[in-house]
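Chemist: Compute the structure for the input listed below.
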Amino acid sequence: MDLARREVTTTQEPPRRDPRESRRRWPLRGSAVRFGLIAVPAAFFAVFFAYPVAAIVARGLKDGGQWRFGRFGEVLGDPGIREVLWFTLWQAAASTALTLLIALPGAYVFARFDFPGKQLLRAVVTVPFVLPTVVVGSAFLALLGRGGLLDEAVGLRLDTTVWAILLAHVFFNYAVVVRTVGGLWAQLDPRQEEAARVLGAGRLAAFRRVTLPALAPAVAAAALMVFLFTFTSFGVIQILGGPYFATLEVEIYRQTADFLDLPAAAVLSLVQFAAVGGVLAVHAATVRRRETALRLVDPERTSRPPRGAGERALLAGVLVVVAILLVLPLAVLVERSFATPEGYGLGFYERLRSADGTFAVPPLEAVANSLSYAAVATAIALVVGGLAAAAVTRRAGRLVRGFDALLMLPLGTSAVTVGFGFVVALDEPPLDLRSAWILVPLAQALVGVPFVVRTMLPVLRAVDDRLREAAAVLGASPWRVWREVDFPLVRRALLVAAGFAFAVSLGEFGATVFIARADNPTLPVAVARLLGRAGEYNYGQAMALSTILMLVCAVALLLLERLRGDGSGEF
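Modeler: All right, here's what the predicted structure looks like:
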């Protein structure tokens, strides 16, 4: 920032640099830098995403070296498959709308209000996002199913209904909206909205005309992530939907695991891939037009205690929603982890210290495995996602804008397909990685990279281009422009991205379950294995491991809040 504003103070005037000459060189240098930045993310996605997915799809659609494209008509002509497609689409749209409706007030509260326990509550809000879906499905079943809290209180059951699915999806994705939108909202100058009100606009009109357009890219990014997660929902649908509801992801799993029909699974994977690609294309075409340079300020200047009855009521309402929708299911997990057949105690936790027929090592070792894998995955995601975000931010043509959309595809691709693809494709030289420990962090980083990109882009694109151009005219290299202009404004976004990457790596399950070794399981894999075995003690150990995962995540996120050292509304 200082570079773009410095003045010449020497007594002898130095030779003047022709600004037109700098501008002529800048596009050439900028293009080279941009494509250099893209090279690493493109290679990463080509080797660890496109290649494995293509390998498993080819195995499903090829028969004796011949492609069987006729399977598309057979599969898509099935009325049951068309019903699955329709349910997948509309439940994802409904879940996204409901999540935005419930979570946007929370984003405002975390961005603008300062209140006791804010850092702890911010960490608690993010914990549900990393829990394995099978665990959360079981927790909601205990709340909403037969004999659950709601059934005992008012005699109402919501399991095997779409409402249970929608509420569970809000539980998962509440943090996505709060963190993504709240991170940018905390840096918007509130004086702009206040100026509109001074000029006669009402509170709602000022918000609609000033704040909402500035937040539009962040809201769209959050909505996109929520839609992709709910579009590919698996564990929640399988447990809460029962035999009545199925998404594409559930159907792909059924065709693969239950019927061993790889061609049908390959067709559905391609359909899901195409649908996600279409959503990303629409997102890229519409949202980018709304992105403009914004005046960003220090979040400490925008956060204040709530004033007046209305603001205090809003804070209280958000706290009630968090308590009922987020904390209550987590409390069920904790309660069940202590409810042994002999009464409340530590029996389930003590069993985690010894190996049995399910594990080659004590299940408790999964804690250290998850932490080490998540740390490596976070580092990979920050490097790959940071380079991609820096490249996409610069002015570019259709190629780079298309790459922006492609970065989100891992979130919308079947985890079953990716997991099988890793096993099939990465098992021979020069990519014989199936027995290498790095394979698990690579799979986790695939999910973390889109979060890094989507978290950093709204802030990077809000930086005024004139600052970069002024620095370039003064002779700064692209690297120095990034270091002295962009980085001071986006360093908090880097922490946001690191938190998201670490969180999703801790809870990643879909692909990891196929590649995690029996002697090095992650926490979600260990929980799923315990839930897959009958018996009260296995279920109790699964709840105990889930509680440990919850606590590990909460401690990690709380430490991140301390390291940030301010009260902004970011991750």
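
Chemist: quick one: the helices in the stretch 201-350 of the chain?
Modeler: Using DSSP state H, counting those that start in this stretch, the helices assigned to the stretch 201-350 of the chain run over residues 203-206, 212-231, 235-236, 248-253, 262-287, 308-321, 328-338, 347-351.

Chemist: From the contact counts, what lies against the shortest one?
Modeler: If contacts are counted by 3 or more C-beta pairs under 8 Å, 6 or more residues apart in numbering; DSSP states H and E, helix 235-236 sits against helix 133-144, helix 162-185. Bear in mind the C-beta positions are built from the backbone N, C-alpha and C, glycine included.

Chemist: from the chain's centre, how far out does that helix sit?
Modeler: Distance, stretch centre to chain centre, for helix 235-236: 16 Å (C-alpha atoms, centre = their mean, to the nearest Å).

Chemist: ok, now the last one?
Modeler: The chain centroid and the centroid of helix 347-351 are separated by 32 Å under C-alpha atoms, centre = their mean.

Chemist: what comes up buried for it?
Modeler: 347-349, 351 (16 or more other C-beta atoms under 10 Å).

Chemist: just checking, next helix/strand downstream of that helix?
Modeler: helix 365-393 (DSSP states H and E).

Chemist: got the angle between that next one and helix 262-287?
Modeler: Between helix 365-393 and helix 262-287, the angle comes out at 50 degrees (axes from the mean of the first three to the mean of the last three C-alpha atoms, to 10 degrees).

Chemist: and helix 365-393, average pLDDT?
Modeler: If you average the pLDDT over helix 365-393, you get 88.

Chemist: so what secondary structure elements neighbour it?
Modeler: helix 19-45, helix 398-406, helix 439-462, helix 487-507, helix 523-531, helix 536-564.

Chemist: Pull out the CA atoms of the third one and give them to me as PDB.
Modeler: Translated: helix 439-462. These are the backbone C-alpha positions of helix 439-462, laid out as PDB (Å, rounded to 0.1, in the frame of the first residue of the first chain):
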ATOM      1  CA  LEU A 439      -2.800 -39.800  -0.700                       C
ATOM      2  CA  VAL A 440      -5.200 -39.000   2.100                       C
ATOM      3  CA  PRO A 441      -4.100 -35.300   2.400                       C
ATOM      4  CA  LEU A 442      -4.300 -35.000  -1.400                       C
ATOM      5  CA  ALA A 443      -7.900 -36.200  -1.400                       C
ATOM      6  CA  GLN A 444      -8.800 -33.900   1.500                       C
ATOM      7  CA  ALA A 445      -7.100 -30.900  -0.200                       C
ATOM      8  CA  LEU A 446      -9.300 -31.500  -3.300                       C
ATOM      9  CA  VAL A 447     -12.300 -30.400  -1.200                       C
ATOM     10  CA  GLY A 448     -10.300 -27.700   0.600                       C
ATOM     11  CA  VAL A 449      -9.100 -25.800  -2.500                       C
ATOM     12  CA  PRO A 450     -12.500 -24.600  -3.600                       C
ATOM     13  CA  PHE A 451     -13.100 -23.100  -0.100                       C
ATOM     14  CA  VAL A 452      -9.800 -21.300  -0.300                       C
ATOM     15  CA  VAL A 453     -10.600 -19.900  -3.700                       C
ATOM     16  CA  ARG A 454     -14.200 -18.900  -2.900                       C
ATOM     17  CA  THR A 455     -13.200 -17.300   0.400                       C
ATOM     18  CA  MET A 456     -10.400 -15.200  -1.000                       C
ATOM     19  CA  LEU A 457     -12.000 -14.100  -4.300                       C
ATOM     20  CA  PRO A 458     -14.600 -11.700  -2.900                       C
ATOM     21  CA  VAL A 459     -11.900  -9.800  -1.000                       C
ATOM     22  CA  LEU A 460      -9.300  -9.900  -3.800                       C
ATOM     23  CA  ARG A 461     -11.700  -8.600  -6.300                       C
ATOM     24  CA  ALA A 462     -12.800  -5.900  -4.000                       C
END
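
Chemist: what pLDDT, on average, does it get?
Modeler: 84.

Chemist: And that helix, what's buried?
Modeler: For helix 439-462, a neighbour-count test (16+ other C-beta under 10 Å) marks 439-462 as buried.

Chemist: angle of the helix or strand that that helix is followed by against helix 365-393?
Modeler: Downstream of helix 439-462, the first helix or strand assigned by DSSP H and E is helix 465-473. Here helix 465-473 points in a direction 80 degrees away from that of helix 365-393 (the same axes, to 10 degrees).

Chemist: can you pull the buried residues of helix 465-473?
Modeler: Under 16+ other C-beta under 10 Å, the buried positions of helix 465-473 are 467-473.

Chemist: can I get those residues in TSV with distance to V125 and pLDDT?
Modeler: Shown next, in TSV, are those (distance: C-beta to C-beta, whole Å; pLDDT from 0 to 100):
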residue	distance to V125	pLDDT
L467	33	73
R468	35	69
E469	39	71
A470	39	78
A471	38	75
A472	41	74
V473	44	76
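
Chemist: so which of those comes closest to G535?
Modeler: R468 (61.3 Å; C-beta to C-beta).

Chemist: Out of the helices and strands packed on helix 365-393, flag the one nearest A218.
Modeler: helix 439-462 (4.6 Å).

Chemist: for that closest one, the distance to its chain's centre please.
Modeler: Between the centre of helix 439-462 and the centre of its chain there are 8 Å (C-alpha atoms, centre = their mean).

Chemist: re earlier: quick check: which of the helices and strands packed on helix 235-236 is buried the most?
Modeler: Mean neighbours per residue, mean count of other C-beta atoms under 10 Å, is largest over the helices and strands packed on helix 235-236 for helix 162-185, with a mean of 25.

Chemist: That one vs helix 308-321, what angle?
Modeler: 130 degrees.

Chemist: Okay, angle between helix 162-185 and helix 328-338 too, please.
Modeler: 110 degrees.

Chemist: which secondary structure elements does helix 162-185 contact?
Modeler: When contacts are defined as 3+ C-beta pairs under 8 Å, 6+ apart, helix 162-185 packs onto helix 79-112, helix 118-126, helix 133-144, helix 212-231, helix 235-236, helix 439-462, helix 487-507.

Chemist: buried stuff in the fourth one?
Modeler: Within helix 212-231, the residues scored as buried using 16+ other C-beta under 10 Å are 214-231.

Chemist: Run through the neighbouring helices and strands of it.
Modeler: Checking 3+ C-beta pairs under 8 Å, 6+ apart, helix 212-231 ends up next to helix 79-112, helix 162-185, helix 262-287, helix 409-412, helix 439-462.

Chemist: got it, and the longest one?
Modeler: Under the contact definition 3+ C-beta pairs under 8 Å, 6+ apart, helix 79-112 sits against helix 118-126, helix 162-185, helix 212-231, helix 248-253, helix 262-287, helix 308-321.

Chemist: how distant is that helix from the center of its chain?
Modeler: Distance, stretch centre to chain centre, for helix 79-112: 14 Å (C-alpha atoms, centre = their mean).

Chemist: Now that helix: buried residues?
Modeler: Buried residues in helix 79-112 (16+ other C-beta under 10 Å): 81, 84-85, 87-89, 91-92, 95-96, 98-100, 102-112.

Chemist: what's the angle from it to helix 308-321?
Modeler: 140 degrees.

Chemist: tilt between helix 79-112 and helix 212-231?
Modeler: 140 degrees.

Chemist: ok so, going back, quick one, which of the helices and strands packed on helix 79-112 gets closest to T133.
Modeler: helix 162-185 (7.6 Å).

Chemist: could you dump that closest one to CSV, C-alpha only?
Modeler: Output of helix 162-185 as CSV, limited to C-alpha atoms (Å, rounded to 0.1, in the frame of the first residue of the first chain):
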residue,chain,number,x,y,z
VAL,A,162,-38.2,-33.8,3.8
TRP,A,163,-38.2,-31.4,6.7
ALA,A,164,-35.7,-33.4,8.6
ILE,A,165,-33.4,-33.4,5.6
LEU,A,166,-33.7,-29.6,5.1
LEU,A,167,-33.1,-28.9,8.8
ALA,A,168,-30.0,-31.2,8.8
HIS,A,169,-28.7,-29.4,5.7
VAL,A,170,-29.1,-26.0,7.5
PHE,A,171,-27.3,-27.5,10.5
PHE,A,172,-24.3,-28.4,8.2
ASN,A,173,-24.2,-25.2,6.1
TYR,A,174,-25.0,-22.5,8.6
ALA,A,175,-21.3,-21.8,9.1
VAL,A,176,-20.7,-21.5,5.3
VAL,A,177,-23.0,-18.5,5.1
VAL,A,178,-21.9,-16.9,8.4
ARG,A,179,-18.2,-17.2,7.5
THR,A,180,-18.2,-16.3,3.8
VAL,A,181,-20.7,-13.5,4.0
GLY,A,182,-19.7,-12.3,7.4
GLY,A,183,-16.1,-12.1,6.5
LEU,A,184,-16.7,-9.5,3.8
TRP,A,185,-19.6,-7.8,5.7
